[in-house]
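Chemist: predicted model, plus sequence, below.
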Amino acid sequence: YQRRVHGESQVTDLWVEAMSAVFPGVNFKPTKRSELPENIQQSLVQVPVKGVKAKDGVPKDWVNATGYNAKQKVWVNAPMAVLYEQAILSRDSSFVTSTGALVTVSFKKTGRSPADKRVVEEPSSVNDVWWGPVNKKLPPASFLQIRERALDYLNVQDDLYVVDALAGWEEKHAIKCRIICTRPYHAVFMLDMLIRPTAEQMKKFVTPDFTVYNAGVFPASRHVPGIGSECVVALHLARMEQVILGTQYAGEMKKGILTLWMYYGPKHGMLTMHASCTEGNDGRSTVFFGLSGTGKTTLCADPKRKMIGDDEHVWFNDGVFNVEGGCYAKAINLRREQEPEIYDSIKFGAILENVILDSNHEVQYDDKSITENTRVAFPLEHIPNAKFPAITGHPTNIVLLTCDAFGVLPPVSKLTSAQAMYQFVAGYTAKVAGTEMGITEPVATFSPCFGGPFLVLHPPAYAEMLAKKLEQHTATAWLVNTGWSGGKYGVGARMKLKFTRAIVDAINENVLVNIPTKPLPGWNLLIPDSCPGVPSEMLTPVNTWKDKKDYYTTLNNLADMFNKNFEKYKAKASPEVVAASPQRVPVPKL
């Protein structure tokens, strides 16, 4: 009745008034646009035109021409419960699950849009950026055009959400981030993914270091030079701003901050890593690099160790710190028996993307009718063994995870420094193409530094930093295959999680480092002769193949793929790293 008579916006006003009467002293109200603090007003200002005076934080000519919504409500650093309420009251396509998590949808875009990523070509960074398919150039004038388009959209909305939070647990290196968005979904997501400032830190949060303008509900204009579609995710390294148009997928904000750190970290002598991290009782850590589907998040949720983080870390002079305040995990086919820490984290404060609920609001984790890329974000404190603050000592071990669907790489192998650099730059994993296309052969995927879409500098720059860190802190590098054994996809079987966990346990407990090894032919990866909890015959992959000739043929084919991929990095790689390239081996006549 209230909706029909008064309209949706007035319902919210009546509800706020009623709840304030029931709970006196509790502030349920957002801030009026005219009453915003000056530093937030400035975040919503268009770029001033020379000679035009600003009034109330907004250029005078812009106010007269376009204006902003005088009735706009701005929800500044609203608590999680209020954002939940807004998500439901504002009809943000959101629901609450039976365990108390929020469920929402990202509509057309259910994953990142790497083809629409742009980096502004500007003087301070132009000579540092690895320009090409990963970092496509955007003229500065075009950035100002899309920034203006985003701000025009943000300024006329009935509700805006502002989240002020930190990226980086090491306080002296933390980046102060301000997220401005129109969907409660995006505010909840970033409240989960970033680090919530303490009251003392919030006092210092006057001006953000980095601002995200998320107007993703509104499309970009294809007529702007450098923009190729209705979607654009643009980063300006000098202005320290990100503009999002044409995509509502929340992961673009998270990965935008990682991309910023990929530039900011190395420029300040720190190695930014797309990796997870755990800590042992001795205070030493293990870092896991890996692409999607290799087990990076699963393996860091280890009840025997403290979790530092699951995705973005920085190796600095005093150890490793997490960039984020939460975790972002795949939800497809989630089972409590396999991943209890993640499963149990899906409660109040968590947000699920693009999943299906049944009539009892139970999540149908096997349902991929919207997308296979169903996701859940939740704060670190939902993990029982998470460490706070999320900072640890220097790593003892570096683990490069690969899911080899060709089934030719060993479950675990020890790497020399040059091999570690080579494998790090290669960033190999393999995926199986969709069966709907009738393709059953594995497809090799190479993503440099296990984070290609987020790199800003040329890949060898990160590899050289990694090699120096490994040498300086006497850390051991390992390649761990979580993929197939006994044959390629369709013939062999996926490595059992219990075997991979046993391998990781042996690495963490410094058992594997002392076991004798033998080289993988043509690759010289050092395969341990044994590993507690793992059948010895599995450690040497050829032993698990019935057709030995097919094994060596497949091994050589994979070597060719590696070498073809590495051609684009050879010019900037050292001779030692180039020499670590795999070589073809004679195929035995059987």
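Modeler: Thanks, I have the structure now.

Chemist: okay, and E471 sits in which element?
Modeler: E471 belongs to helix 459-472 when assigned by DSSP states H and E.

Chemist: and L166, by the same measure?
Modeler: L166 belongs to strand 159-167, assigned by DSSP H and E.

Chemist: and the next helix or strand past that strand?
Modeler: Next along from strand 159-167, by DSSP H and E: strand 175-181.

Chemist: give me the distance from the strand holding L166 to the chain's centre.
Modeler: 18 Å (Cα atoms, centre = their mean, to the nearest Å).

Chemist: which elements pack onto it?
Modeler: The contact analysis (3 or more Cβ pairs under 8 Å, 6 or more residues apart in numbering; DSSP states H and E) places strand 159-167 against strand 73-76, helix 80-89, strand 175-181, helix 184-193, helix 251-267. Any C-beta I mention is one placed from the backbone N, CA and C, and that applies to glycine too.

Chemist: any idea of the mean pLDDT in that strand?
Modeler: The pLDDT scores in strand 159-167 average 96.

Chemist: what's the answer for stretch 114-133, then?
Modeler: On average, stretch 114-133 scores 97.

Chemist: CA atoms of that stretch as CSV?
Modeler: Taking C-alpha atoms only, stretch 114-133 is exported to CSV below (Å, rounded to 0.1, in the frame of the first residue of the first chain):
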residue,chain,number,x,y,z
PRO,A,114,40.1,-7.2,-19.9
ALA,A,115,39.5,-6.0,-23.5
ASP,A,116,37.9,-2.8,-22.1
LYS,A,117,40.7,-2.0,-19.6
ARG,A,118,42.5,1.3,-20.4
VAL,A,119,45.5,3.1,-18.8
VAL,A,120,45.9,6.8,-19.4
GLU,A,121,49.0,7.7,-21.4
GLU,A,122,50.5,10.5,-19.3
PRO,A,123,54.0,11.9,-18.8
SER,A,124,54.8,10.5,-15.3
SER,A,125,54.2,6.9,-16.2
VAL,A,126,54.4,6.6,-20.0
ASN,A,127,57.9,5.2,-20.0
ASP,A,128,57.2,2.6,-17.3
VAL,A,129,54.0,1.0,-18.5
TRP,A,130,54.0,-2.2,-20.5
TRP,A,131,51.8,-1.0,-23.4
GLY,A,132,50.0,-3.5,-25.5
PRO,A,133,47.0,-5.8,-25.2
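
Chemist: neighbouring contacts of that stretch?
Modeler: 134-140, 143, 226-229, 231-239, 246-247, 259, 263, 267, 453, 455-459 (Cβ atoms under 8 Å, 6 or more residues apart in numbering).

Chemist: repeat the analysis, applying 7 Å as the threshold.
Modeler: 135-140, 143, 226, 228-229, 231-238, 263, 453, 455-458 (Cβ atoms under 7 Å, 6 or more residues apart in numbering).

Chemist: N481 versus the residue nearest to the spatial centre of the chain, what's the distance?
Modeler: The centre of the chain sits closest to K255, judged by Cα atoms, centre = their mean, with a distance of 5.0 Å. Using Cβ to Cβ, to the nearest Å, K255 is found at 26 Å from N481.

Chemist: that older thread, what sits closest to the residue nearest to the centre of the chain if chain neighbours are left out?
Modeler: Nearest non-adjacent residue to K255, counting by Cβ to Cβ, 6 or more residues apart in numbering: F454, 5.8 Å away.

Chemist: hmm, that neighbour is touching W261, no?
Modeler: No - in this structure, F454 is not within contact of W261 by Cβ atoms under 7 Å, at 8.6 Å.

Chemist: rewinding a little: next, the angle helix 251-267 makes with the strand holding L166.
Modeler: For strand 159-167 against helix 251-267, the angle by axes from the mean of the first three to the mean of the last three Cα atoms, to 10 degrees is 30 degrees.

Chemist: list the contacts of M193.
Modeler: Applying Cβ under 7 Å, 6+ apart, the residues near M193 are 254, 324-326, 328, 377.

Chemist: what is the lowest-pLDDT residue among those?
Modeler: Y328 (94).

Chemist: relative to S125, how far out is that one?
Modeler: 27 Å.

Chemist: and those two? which has more neighbours close in?
Modeler: Y328 (22 against 19; other Cβ atoms under 10 Å).

Chemist: re earlier: and the angle from the helix holding E471 to helix 251-267?
Modeler: Using the same axes, to 10 degrees: helix 459-472 against helix 251-267 is 60 degrees.

Chemist: ok, now which ones touch the closest residue to T500 other than its chain neighbours?
Modeler: Using Cβ to Cβ, 6+ apart and skipping the chain neighbours, the partner closest in space to T500 is T482 (5.2 Å). Listed by Cβ under 7 Å, 6+ apart, the contact set of T482 reads 294-295, 401, 403, 495, 500.

Chemist: swap in 8 Å and give it another go.
Modeler: 294-295, 401-403, 495, 500 are the contacts of T482 under Cβ under 8 Å, 6+ apart.

Chemist: before we move on, what about R501?
Modeler: R501 touches 299, 302, counting by Cβ under 8 Å, 6+ apart.

Chemist: run the chain-centre distance for the one helix or strand it maps to.
Modeler: R501 belongs to helix 497-508 when elements are defined using DSSP H and E. Relative to the centre of its chain, helix 497-508 is centred 24 Å away, using Cα atoms, centre = their mean.

Chemist: again, but for stretch 69-85
Modeler: The answer for stretch 69-85 is 26 Å, by Cα atoms, centre = their mean.

Chemist: buried residues in that stretch?
Modeler: 72-75, 77-78, 80, 82-85 (16 or more other Cβ atoms under 10 Å).

Chemist: lowest-confidence entry in the residues you listed?
Modeler: Scoring the buried residues of stretch 69-85 by pLDDT puts Q72 last, at 86.

Chemist: that one and A187, how far apart?
Modeler: 15 Å.

Chemist: neighbours of V105, how many?
Modeler: Counted with other Cβ under 10 Å, V105 comes out at 18.
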